[in-house]
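1. Just a sequence and a predicted model for now, questions to come.
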There are 4 protein chains.
Amino acid sequence: MSVPVAVVGASGYAGAELVRILSGHPKARLAALAGDSTAGQRFDALYPAARGLVDLTLEAFDPAALAKKAELVLLAVPHGQGMKMAPPLLEAGLKVVDLSADFRLKDPILYEKWYKHPHSAIELLKEAVYGLPEVNRKLVAKARLVANPGCYPTSIILALLPLLAEGLVDVDSLIADSKSGVSGAGNKATPGNHFGSAGENFSAYKVAGTHQHIPEIEQALGLAAKQELRLTFTPHLLPVMRGIFTTAYADLVEEGTSSKKLTALYKDFYKGERFVRVCEDSLPDLKSVKGSNFCDIAPRVDERTGRAVVMACEDNLGKGAAGQAVQNMNLMLGFPEDAGMEGMAFTL
Amino acid sequence: MSVPVAVVGASGYAGAELVRILSGHPKARLAALAGDSTAGQRFDALYPAARGLVDLTLEAFDPAALAKKAELVLLAVPHGQGMKMAPPLLEAGLKVVDLSADFRLKDPILYEKWYKHPHSAIELLKEAVYGLPEVNRKLVAKARLVANPGCYPTSIILALLPLLAEGLVDVDSLIADSKSGVSGAGNKATPGNHFGSAGENFSAYKVAGTHQHIPEIEQALGLAAKQELRLTFTPHLLPVMRGIFTTAYADLVEEGTSSKKLTALYKDFYKGERFVRVCEDSLPDLKSVKGSNFCDIAPRVDERTGRAVVMACEDNLGKGAAGQAVQNMNLMLGFPEDAGMEGMAFTL
Amino acid sequence: MSVPVAVVGASGYAGAELVRILSGHPKARLAALAGDSTAGQRFDALYPAARGLVDLTLEAFDPAALAKKAELVLLAVPHGQGMKMAPPLLEAGLKVVDLSADFRLKDPILYEKWYKHPHSAIELLKEAVYGLPEVNRKLVAKARLVANPGCYPTSIILALLPLLAEGLVDVDSLIADSKSGVSGAGNKATPGNHFGSAGENFSAYKVAGTHQHIPEIEQALGLAAKQELRLTFTPHLLPVMRGIFTTAYADLVEEGTSSKKLTALYKDFYKGERFVRVCEDSLPDLKSVKGSNFCDIAPRVDERTGRAVVMACEDNLGKGAAGQAVQNMNLMLGFPEDAGMEGMAFTL
Amino acid sequence: MSVPVAVVGASGYAGAELVRILSGHPKARLAALAGDSTAGQRFDALYPAARGLVDLTLEAFDPAALAKKAELVLLAVPHGQGMKMAPPLLEAGLKVVDLSADFRLKDPILYEKWYKHPHSAIELLKEAVYGLPEVNRKLVAKARLVANPGCYPTSIILALLPLLAEGLVDVDSLIADSKSGVSGAGNKATPGNHFGSAGENFSAYKVAGTHQHIPEIEQALGLAAKQELRLTFTPHLLPVMRGIFTTAYADLVEEGTSSKKLTALYKDFYKGERFVRVCEDSLPDLKSVKGSNFCDIAPRVDERTGRAVVMACEDNLGKGAAGQAVQNMNLMLGFPEDAGMEGMAFTL
């Protein structure tokens, strides 16, 4: 009685993590995997960890074939491919969760500006739902097409959302200093992810207003603040495989807020959210979210400077990609929101 | 209708890994946790990863109290404590899986020689079953008390067992060169596991016949070979958190064996074993067993020297400790042997 | 004809790094090492890397004995000890570079507030020179007592100094988001620096205006800005042994500044500085400063938000501690400023 | 009055390490660097760590041009290139240290068998000196052409040499289990050295008599034993950047040898050797040789099995490549053997 689903782009890191989660899902079953250059190969030849657990061979992408096997497709593909694959899948009657960036921005001009190529499925932009369940839960549940949020944006939006929704901070003062594990850049070997470059090292990249995730963050926070806004975003590369840690800064508009009060406000704001854990007495760390779909958030106030300092921590492949995609899939298929992730990996 | 079980020593690494596996187990449920210095603390205060997943507080060790709550107890305690805790638990009617070294050696004199203190529960040594399911599956299923194998011994015994059982090698030529992750030494901070010592480093310790796991390995392999034997064992410390990689060497008694033939023999020997994966076309690595209960084994022949070279790879906290303990528990409680570990974590 | 010098606290990380640099110094020679609990032990028993290179045994701290052997003493000791050791050493005629925090703050009330104990050598606070050669070169050269800057402060002050000295930014907008390697917390084993905690992890600590380096940074930047100021500082723990990476933010007071212009301004500001490298076409990373006394700085402008984003990178044991201490020693003894560090380690 | 030398292949890891050591050498000076695909680029653009330290641009390989600038050339090139580059350099009157494998094996048939292509400079094989100074010091000093030993061979030969030279072990029982850092495989990005593959992992490769370093090791040990011999060699990949750790095994022919006696024998055998440190009371580790030209060796006896267990530890880029090449260069140019490496990096 399980619902058949398919993963396209299963050879990449996010795709492989989808396979991991879905291989133990109680209500969905992996019916097909598709790849590109990897079509024809067994999944467990690409990821030997899966031997004895996943008995599937990657196929070439074929919407008609997928429509015969599955009811919903998760696209773990690079930007530019999601907008090509989604239309035929929808037409074939499938539901789609797109992990690429293609349906996140509502404005196709903004998309072209930041992603350097025109949008080829503009007609779907209005229908597509931005899949951050903490904001759009009801819309996701009714959607045919969900745009799964980016890894950095998820951590930054969840970190700053309560401050902006409640009008507590100056919208011109927003800064997000984020640190990501190496898996965020994919599994293709490059000089930058050579162990000799990335190991025992730390660096910044795409600084000072140049990272393509900026408009996505500004769109979501602007909606919460009910005004346009801009933030400074600095991404960094951590010498770990998984995890994103964001430290966000914003100037409080009124005096008198304390860490204690702000934490209480966040706990209230995220009340009932299964996958947001507000940290009261401790600070978050990567290890405590590894392999999970949690985003741990610690809001604090620097009373000396009147500034909110909010730390948010997630697994970039979990809540930052595959975990959130399964959360969205669960909503779209009417499953419990945490199905497949109830006892999800916390690891030493 | 799930069976209630308890974990003693839940604050240590093996204990915490037991909690992780059991928190998602379909047929057993975590009914109690016990600690020593950590009694009175919530488990998720010790391991924040468990927030929202495990709602238990550690208790002091009390056999009567545990007997009211659970049917089986897993002891994740240091050697010397298992033999003190097991007797009252058995007396109270509980089944016990002891992860300490206390019931592994059949000979109490040998125990005292290697562990430097006398055995205090000699009367149970005969009854205790050495919990390597690949050898003692039927005995485990009927046992009240199971001695869970050591982390190094599991990898070394599984690597060499077919060679000795089939009489293919010179019993005087056995060497095991093993490499373990840092978690093998526990979670107490010491100069040796300081990040500044263990990170970006590699070293050997307890070399040349001094490691306490030696008699356990020799006992198991001697039973297979039907004769007493001795091996040289060198443990090393790897700069990773989890995993053991053993490279074992043995001189073949006859010429003419090839890697291909030996692999076929191992595949046959371990046929039907859920948690032993014989590697044919590839070599094992730590990443592919991380978080799982698998032991991946690649037997090869160095035809130039007439020597078998067998690599075996496991997660020291999985098949080397907690995973194997759950496997034993499953057998003792009549569950499918892989219950709770069907989709067990394969991770990037 | 080399000048004899001594290191007190040689068993700690900063002390050991001093020994490493000084053991190859062309004009100074290591005449004595002192420790506390390690007195009586050979240095190369503590750091086996030094076998065959350093033939010294640690002594108990004895000002009179040191005065007979050395002309200058480097104190690599915790705060609270520098102010006890410096007075008798000065009295005995020695010059002193104190790596502890004790003589960095001019205001003893501020010291007591942040370090939680009263200052015991207030009479020396005025004489002590804050040993940031890029600011106080001439004073250092004539000093008897130099307060070696903290690791975080060095990177933050060098990052923001030109902006404040030139009046380019709003002094109420300063934020420093810093990430440090594990060696910054010393070589004593704690739960936090256990490989199992610090490895493959990332976290923040002492956030929101609570880290004791804050007044030191504010004192130096306030002097440059010629007004009191406050900054928000967030320290983080990186899973690497060595290195600090600071990302600093400040709102530009005028429009129209570009990354190019700001870089040119920094190049001019630090013209002739041997150990500050302004990055024009690339961004700094930890690996490129490891083992060196360099601080690499990349100033950039986020033109969308009108904010300066300045990255600064150093080895926390190099320019952040021992390297800078040797730089100060060189100035005090009339040596070339880079003596002992001309070919200093750049490593893969 | 320093002697000008050149490095060919300066963009690779071994080449860059040569540049690092030579940039601080008291008697040689870096006169030219040559690369292949990197010709025309500044060295410090490839390795930003060198900014302010090395002011050289890579040239295309041109023997005549090098002969005008340098007296000795170090070839840090892949096998197959050393035998093409050395002849014209020698003809132009230069001395050559070849770090490639091309002149290590005396037998060109053996070379072709293991390296899969014919040797193109057979006439030089007899003249070339195998550059292990501990064996061939005098020959190296007089040589025009030195074949710098391989990284694995250096550690294995130094580990087993005393046992074979003194006839203490069965030559049919030799096993070397070696573990190398990632830099050993070069700086070209491949799936295997992606941080996601090599980090937090451990694996074996080229096992069971297939690694091309085997004949080099057998040649050197056979000369010491005065008979042909074969060994089993298993290379493994460590998740660290630098370092090789070899654990070697050999059956002792006589009973009664103890670890203490064997250690004394090794101390005597390596008496006066600047770069071999025999470990008496401690065991070697990677950290203690990082950045240095030392090989630390701990010989032990497993008295239960009558087997010698010898651990040897070196930096694969130091004594395993660039350090040893400089040691050879020093001998060839009449410098002190440790020139440039007197205070060579011991690092935390």
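-> Happy to help now that I have it.
2. in terms of contact, does A:V278 touch A:K267 like I think?
-> Yes - the pair A:V278 / A:K267 is scored as a contact, 4.7 Å apart, by CB atoms under 8 Å. All C-beta atoms are positioned from the backbone trio N, CA, C, and that covers glycine.
3. Between the two, which has more neighbouring residues?
-> More neighbours sit around A:V278 than around the other of A:V278 and A:K267, counting by other CB atoms under 10 Å in any protein chain shown; the figures are 22 against 17.
4. what bridges to the more buried one?
-> According to DSSP bridges, the partner residues bridging A:V278 are A:I297.
5. Could I get the contacting residues of it?
-> For A:V278, the set of contacting residues under the criterion of CB atoms under 8 Å, 6 or more residues apart in numbering or on different chains consists of A:263, A:266-267, A:270, A:296-299.
6. And those, which is closest to C:L66?
-> Among those, A:A298 lies closest to C:L66 (CB to CB), at 46.5 Å.
7. which of the residues in stretch A:70-79 are buried?
-> A:70-77, A:79 (16 or more other CB atoms under 10 Å in any protein chain shown).
8. does that stretch come close to chain B?
-> No - between stretch A:70-79 and chain B, judged by CB under 8 Å from any CB of the partner chain, nothing touches; the nearest distance is 12.7 Å.
9. Next, the distance between the ends of that stretch.
-> The stretch stretch A:70-79 measures 23 Å between its terminal residues, going by CA to CA, to the nearest Å.
10. So which residues on the stretch 151-300 of chain A come close to chain C?
-> Selection of the stretch 151-300 of chain A residues close to chain C by CB under 8 Å from any CB yields A:172-173, A:175, A:177, A:179, A:196-197, A:200-205, A:207-209, A:214, A:230-232, A:234, A:236, A:238-241, A:243, A:245, A:247, A:249, A:259, A:283-287, A:290, A:300.
11. and the longest helix seen in chain A, how far out from the chain's middle?
-> In chain A, taking DSSP state H as the definition, the longest helix is helix A:151-165. On the basis of CA atoms, centre = their mean, to the nearest Å, helix A:151-165 sits 12 Å off its chain's mean C-alpha point.
12. and that helix, does that touch chain D?
-> No - using CB under 8 Å from any CB, no contact is recorded between helix A:151-165 and chain D, whose separation bottoms out at 15.1 Å.
13. what helices or strands is that helix leaning on?
-> helix A:133-142, strand A:175-180, helix A:214-225, strand A:232-237, strand A:244-251, helix A:259-269, strand A:295-302, strand A:307-314 (3 or more CB pairs under 8 Å, 6 or more residues apart in numbering or on different chains; DSSP states H and E).
14. So which bits of the stretch 51-200 of chain A are right by chain D?
-> Residues of the stretch 51-200 of chain A found near chain D, taking CB under 8 Å from any CB as the criterion, are A:182-183, A:187, A:189-191, A:193-196, A:198-200.
15. picking up where we left off before, now, which of the buried residues of stretch A:70-79 sits nearest chain B?
-> Distances from chain B to the buried residues of stretch A:70-79, taken as CB to the nearest CB, are shortest for A:A76 (12.7 Å).
16. Would you agree that closest one is in contact with A:V7?
-> Yes - at 6.3 Å, A:A76 counts as touching A:V7 under the criterion of CB under 8 Å.
17. anything in contact with each of those two?
-> Applying CB under 8 Å, 6+ apart, one finds that A:A76 and A:V7 are jointly contacted by A:15, A:18.
18. Give me the number of neighbouring residues for A:T190.
-> By the criterion of other CB under 10 Å, A:T190 has 12 neighbours.
19. With adjacent residues omitted, what lies nearest to it?
-> Beyond its immediate neighbours in the sequence, the residue positioned closest to A:T190 (CB to CB, 6 or more residues apart in numbering or on different chains) is D:A189, lying 5.4 Å away.
20. now do A:L265
-> A:P162 (6.1 Å).
21. same thing with A:E254?
-> Setting aside the residues directly before and after it, A:E254 is nearest to A:L168 in space (CB to CB, 6+ apart), at 7.4 Å.
22. Kindly report the same for A:E91.
-> If you skip the residues right next to it in sequence, A:E91 has A:P63 as its closest partner in space, 7.5 Å away by CB to CB, 6+ apart.
23. sorry, back to before: and the residue nearest to A:T190, how far is that from chain C?
-> Taking CB to the nearest CB, to the nearest Å as the measure, D:A189 and chain C are separated by 15 Å.
24. One more: A:L158?
-> A:L158 sits 16 Å away from chain C, taking CB to the nearest CB as the criterion.
25. tally of neighbours for that residue?
-> A total of 28 residues lie near A:L158 under the criterion other CB under 10 Å.
26. so it makes contact with A:R277?
-> No - contact criterion CB under 8 Å: A:L158 and A:R277 do not qualify, at 10.8 Å.
27. Identify the contacts common to these two.
-> A:295, A:297.
28. for A:G306, what are its contacts?
-> For A:G306, the contacting residues are A:251-252, A:255, by CB under 8 Å, 6+ apart.
29. if we can go back for a sec, out of the helices and strands packed on helix A:151-165, which comes closest to C:K319?
-> Using CB to CB as the measure, strand A:232-237 is the one of the helices and strands packed on helix A:151-165 that comes nearest C:K319, at 19.9 Å.
30. Return the list of helices and strands in contact with the closest one.
-> Using 3+ CB pairs under 8 Å, 6+ apart as the test, strand A:232-237 ends up in contact with helix A:151-165, strand A:175-180, strand A:203-204, strand C:244-251, strand C:307-314.
31. May I see the helices and strands packed on helix A:151-165 arranged in TSV, with mean pLDDT and distance to A:V3 as well?
-> Supplementary listing: these in TSV, determined by pLDDT from 0 to 100; distance: least, CB to CB, whole Å:
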stretch	mean pLDDT	distance to A:V3
helix A:133-142	98	15
strand A:175-180	98	32
helix A:214-225	98	29
strand A:232-237	98	36
strand A:244-251	98	30
helix A:259-269	97	32
strand A:295-302	98	26
strand A:307-314	98	26
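32. so A:A39 makes contact with A:D62?
-> No - the pair formed by A:A39 and A:D62 falls short of the contact definition of CB under 8 Å, at 9.7 Å.
33. Quick check on the closest residue to chain B within the stretch 151-300 of chain A: phi, psi?
-> When distances are taken as CB to the nearest CB, the stretch 151-300 of chain A reaches nearest to chain B at A:S288, 4.3 Å away. Here is the backbone geometry of A:S288 (degrees, to the nearest 10): phi -80, psi -10.
34. my guess is A:V309 contacts A:D251, does it?
-> No - proximity of A:V309 to A:D251 does not meet the contact threshold set by CB under 8 Å, at 11.0 Å.
35. neighbour-wise, which of these two wins?
-> Neighbour comparison, A:V309 and A:D251: the larger count goes to A:V309, with 26 against 19 (by other CB under 10 Å).
36. what about that one, distance to A:I297?
-> With distances defined as CB to CB, to the nearest Å, the gap from A:V309 to A:I297 amounts to 12 Å.
37. likewise A:W114?
-> Between A:W114 and A:I297 the distance, using CB to CB, works out to 27 Å.
38. out of these two, which sits in the more crowded spot?
-> With other CB under 10 Å as the criterion, A:W114 and A:I297 differ in neighbour count, and A:I297 comes out ahead with 28 against 17.
39. Contact partners for the more buried one?
-> Taking CB under 8 Å, 6+ apart as the criterion, A:I297 is in contact with A:158-159, A:266, A:270, A:276-279, A:284, A:310-313.
40. before we move on, back to that, pipe the helices and strands packed on strand A:232-237 into JSON lines and attach distance to C:G323 per row.
-> JSON lines is the format used below for the helices and strands packed on strand A:232-237 (distance: least, CB to CB, whole Å):
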{"stretch": "helix A:151-165", "distance to C:G323": "34"}
{"stretch": "strand A:175-180", "distance to C:G323": "25"}
{"stretch": "strand A:203-204", "distance to C:G323": "21"}
{"stretch": "strand C:244-251", "distance to C:G323": "12"}
{"stretch": "strand C:307-314", "distance to C:G323": "8"}
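41. Nearest to D:I109, out of these?
-> Once the helices and strands packed on strand A:232-237 are compared by CB to CB, strand A:203-204 is nearest, at 48.5 Å.
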